[in-house]
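1. Sequence and predicted structure are below.
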Amino acid sequence: MAGPINEFTQVTKFIPETFGEPGMRTFRINVDSESSTANIWLEKEQLAELSMAMLQLAKETPEAKEDTVGPPTELEAASLTNLDFKAGRLAFGHNPETNMFIVDAHDPEDDSEEPTVRIWLTRKRLNHFAKNGLEIVASGRPICPLCEKPINPDGHYCVRRNGHAKVYPGEL
Ligand SMILES: [Zn+2]
């Protein structure tokens, strides 16, 4: 059967979290939906990429029609589904029918090719997650307004300036 193994359509919490000392940190997405939960562990780079992809797609999709069609709540995972896994593949997209955003996470230990869980997100929840995600990744470093990547104290070569010009925190 095609389709994700679990779907979270009634999300009440979707937040990035980090644990541990600087340099040794671990990262996860903490999700609650109806009576189910998931902890999806991921690499820092995955969190950074996901957060940036979210901000980008949120900009590119229309804000109108929000919530005119709800998420497919009939697909909601069985009550008390509690997932805890380290994400292999992560996919992210926009569903035009509902104007909601979708995160698919795949547990490499699952034999299925289908996502282990599909999470349905509103624009508000998505933006909130993405901003927190970038802050966590940057851990206090300022975010470059041009490329939305963290800037080190000694500056960074901004891809939006073709990687030539260095952008310094003091310039912002
Ligand atoms: Zn930049």
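-> Ah, there it is. Residues are numbered from 1 along each chain as shown.
2. from here on, contacts and neighbour counts on C-alpha atoms
-> Will do.
3. burial count for Tyr157?
-> Tyr157: 15 surrounding residues under other C-alpha atoms under 10 Å.
4. who does it bridge with?
-> Lys166 (DSSP bridges).
5. Does it touch Val167 like I think?
-> Yes. With contact defined as C-alpha atoms under 8 Å, Tyr157 reaches Val167; the gap is 6.3 Å.
6. if I read this right, Pro108 contacts Leu90, doesn't it?
-> No. Between Pro108 and Leu90 there is no contact under C-alpha under 8 Å: 10.8 Å.
7. By mean pLDDT, flag the weakest helix or strand of this protein.
-> Using mean pLDDT, DSSP states H and E, strand 166-167 stands out as the lowest-scoring helix or strand of the chain, at a mean of 74.
8. Quick one: residues in contact with that strand.
-> Cys144, Ile151, Gly155, His156, Tyr157, Cys158 (C-alpha atoms under 8 Å, 6 or more residues apart in numbering).
9. same thing with stretch 108-128?
-> 2-11, 14, 54-55, 58, 71, 86-89, 99-107.
10. okay, now the residue in the chain that the ion sits nearest to: neighbour count?
-> Residue nearest to the ion within the chain: Cys158 (3.7 Å; C-alpha to the ion). By the criterion of other C-alpha under 10 Å, Cys158 has 20 neighbours.
11. Kindly report the same for Leu80.
-> Neighbours around Leu80, by other C-alpha under 10 Å: 11.
12. Renumber starting at 779 from here on
-> Understood, numbering begins at 779; the last thing we discussed is Leu858.
13. ok, it touching Asp810?
-> No. With contact defined as C-alpha under 8 Å, Leu858 does not reach Asp810; the gap is 10.3 Å.
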